[in-house]
Structures are given as structure tokens and as C-alpha cells.
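J.: A predicted structure for the sequence below; I have some questions about it.
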Amino acid sequence: MGDPTKDPTTFRKLFPLLQIGTTILLFGMYFMNWRIVTPITVRTPAGERTLLIHDFLDSSSRQVEWVQAMNFPAGWIVIPVELAATEGEGLDVGYPFYGHMRFIEFGLVGTFVWFFAGRYVDSAIAMFRQREARLPMAGDWVFSICVALSGILEIALESANGVYLGWGILWVLLGCSAVLLHIFQSKSVDNAQRELNSAS
């Protein structure tokens, strides 16, 4: 990816690639974890027969928890879409394809979340290395606040689970530091504009 001090787009490329690679790895582990649920007895012309139903994408598996935790800010998009698609009912854990959907939704939307996280890191490095600040856009503020709130919510709702707790702390730190960076950038740009106006 190159030196981040020379390539201003290093982390916005690296983070999504790592996220995609991790998601694929988790899916591979997820797919191999076949689970046998309650046997079902069916009637056939040859008589009664017992079938073992395999659920290889169980929503309670550790892999789903990891995908949701590491992409938790994606919930700002995933949950409303689920509610809209199910007419306000949401996807119940008992829904046959609950695990499938959560894995795909959080994995896909999470790629964009990690792109913006990398964009923030690139911006911070560029500012402190080159001593130049750019005025943050509205999207930067929205992303930072949503990430910070996601981390707080993740910690509050899943504090008993180590996976969610760890990722929640990371998202809080990332979101809050991004908000502080944007405040610093805004003040720096404002001060530079004032100096320019004074000089003229």
C-alpha cells in the first residue's frame, strides 16, 4: 500500500481490504460449522422417516457475532432496511435465513464503514505530517458522530459479551477522536482564513 506519509489514500484502501478478507475468512469458518437441529419425522410411501436438518449458518454462531461487532456502525443502515423490508417487524432470530442476512448485510455495508474509517486515518496523518488542515465535510461529521454513538450503544447493549465490548470501545475511541479531529480542522481552517484576511 505504500508509505502513508507519501500515499494519502493508504488506509482508506487498506482497511476495506482487511475487512473483506476477514469477512471471507469468517464466512469460511461459518460455513464449515454444520449444526444438527431437532430431527423431523416425515411420512413417505415407504413409511415414516427421520430427517436431520442441518443449519450451517446459525445466527447464534460466533462468526455472526464477530461480523456484527466489527461492523456495528453499519447497523444505522442495516436495521432500517430490515424494518422496511419486513414492514416494521424486523428479522426475528427464528427467521430461517436470519444468519445469512445478517452476515451479508453487515459484511457488505461494513466495507463502506471501514473505507470511511480509513479515510479519517489518512486525513489525520496528512494533517499532522504536512501541517495542513482541510475543512471537514458534512459527511465527515455525520460519520464520526454515528460511529461514536454506535460504540456507546454496542457497549451498553452487549457489555456482557467480550466480542461486542472490545469492538464497542474501539468504535467509541475512533468516533470521538474523529470528532475532535474535525473540530481541530475547522478551527485551523478558520484561523488560517483570519490570518489571510488580516494580511490582505
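T.: Yes, it's here. Numbering: from 1, shown residues only.

J.: next, the buried residues of the helix or strand hosting residue 145.
T.: In the assignment (DSSP states H and E), residue 145 maps to helix 138-157. Applying a neighbour-count criterion of 16 or more other Cβ atoms under 10 Å, one finds 140, 143, 144, 146, 147, 148, 150, 151, 152, 153, 154, 155 buried in helix 138-157. To be clear about C-beta, it is placed using only N, CA and C from the backbone, and glycine gets the same treatment.

J.: so residue 48, which of the three states?
T.: strand (DSSP: H, G, I helix; E, B strand; the rest coil).

J.: coming back round to it: which of the buried residues of helix 138-157 sits closest to residue 173?
T.: Of all these, residue 151 has the smallest distance to residue 173: 7.5 Å, by Cβ to Cβ.

J.: mind listing what that closest one touches?
T.: 72, 73, 167, 168, 169, 170, 171, 172, 173, 174, 175 (Cβ atoms under 8 Å, 6 or more residues apart in numbering).

J.: for residue 143, same thing?
T.: Counting by Cβ under 8 Å, 6+ apart, residue 143 has contacts 116, 120, 178.

J.: switch the cut-off to 7 Å
T.: residue 116 (Cβ atoms under 7 Å, 6 or more residues apart in numbering).

J.: where along the chain do the helices fall?
T.: Taking DSSP state H as the test, the helices found in the chain are 10-32, 62-70, 75-85, 98-130, 138-157, 162-199.

J.: still on that earlier bit, name the member of the contacts of residue 151 with the most neighbours.
T.: With neighbours taken as other Cβ atoms under 10 Å, the top of these is residue 73, carrying 29 neighbours.

J.: correct me, but that residue touches residue 152?
T.: No: using Cβ atoms under 7 Å, residue 73 is not in contact with residue 152, being 11.2 Å away.

J.: on that earlier part again, can I get the contacts of residue 151 in TSV with distance to residue 187 and pLDDT?
T.: TSV is the format used below for the contacts of residue 151 (distance: Cβ to Cβ, whole Å; pLDDT from 0 to 100):
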residue	distance to residue 187	pLDDT
72	30	91
73	26	93
167	31	89
168	29	91
169	27	91
170	26	92
171	25	93
172	23	94
173	21	94
174	21	93
175	19	93
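
J.: remind me which residues of this protein are low pLDDT?
T.: Along the chain, segments meeting pLDDT under 70 span 1-9, 28, 30-46, 49-61, 88-99, 130-133, 158-161, 200.

J.: before we move on, the earlier item: distance to residue 48 for the helices of the chain - can I get that in a markdown table?
T.: Output for the helices of the chain, formatted as a markdown table (distance: least, Cβ to Cβ, whole Å):
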| stretch | distance to residue 48 |
| --- | --- |
| helix 10-32 | 31 |
| helix 62-70 | 34 |
| helix 75-85 | 38 |
| helix 98-130 | 30 |
| helix 138-157 | 45 |
| helix 162-199 | 42 |
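
J.: great, nothing more from me.
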